[in-house]
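J.: Please work out how this folds:
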Amino acid sequence: MAVPEDVLDKVRAGMRGLKAPGHFDKVYKNECMYSFDTPESPGGLYVNLKTWQGFGENYVELDQRKTGTTLYLHLLWKRVPIPEEELEAAAAAAAAADTASKPTKLALGTEGGFAVGP
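T.: Below is the predicted model:
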């Protein structure tokens, strides 16, 4: 799939001045700066690639006018339900592991008490 040259020119123009966030830079990718939109919201979350701030679908245009940025990362998460069989198997495994390792005495390093070390 080829991208038209005019679109590539706009992307290249928007990439001028971009830099990757450093170790101590904060990237606001969990929630919108103005609302409670998250990547799980129906419209997702747009992260400004110059300021690294997140914006909901309704506030992207406001930020674009304010900063002049044209490139955003669109985060859109979708929840996938876990099948019932996997939930039941995980619950059974957790119950079996829980009963085998429970201490019966309030003691350290003795039989029936809390284990000390490997």
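J.: need the strands for this protein, in chain order.
T.: For the chain, the strands defined by DSSP state E cover 45-48, 54-56, 72-75.
J.: want to throw these into JSON lines with distance to residue 112?
T.: Bear in mind the C-beta positions are built from the backbone N, C-alpha and C, glycine included. Converted to JSON lines, the strands of the chain look like this (distance: least, C-beta to C-beta, whole Å):
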{"stretch": "strand 45-48", "distance to residue 112": "51"}
{"stretch": "strand 54-56", "distance to residue 112": "52"}
{"stretch": "strand 72-75", "distance to residue 112": "50"}
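J.: what would these look like in JSON lines with mean neighbour count and distance to residue 65?
T.: Below are the strands of the chain laid out as JSON lines (neighbours: other C-beta atoms under 10 Å; distance: least, C-beta to C-beta, whole Å):
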{"stretch": "strand 45-48", "mean neighbour count": "22", "distance to residue 65": "12"}
{"stretch": "strand 54-56", "mean neighbour count": "24", "distance to residue 65": "12"}
{"stretch": "strand 72-75", "mean neighbour count": "15", "distance to residue 65": "13"}
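J.: in this protein, which spans are helices?
T.: Taking DSSP state H as the test, the helices found in the chain are 5-15, 60-67, 84-101.
J.: Dead centre of the protein: give me the residue that sits there.
T.: For the chain, the residue nearest the mean C-alpha position is residue 30 (6.4 Å; C-alpha atoms, centre = their mean).
J.: Would you mind measuring from that residue to residue 17?
T.: Separation of residue 30 from residue 17 (C-beta to C-beta, to the nearest Å) stands at 25 Å.
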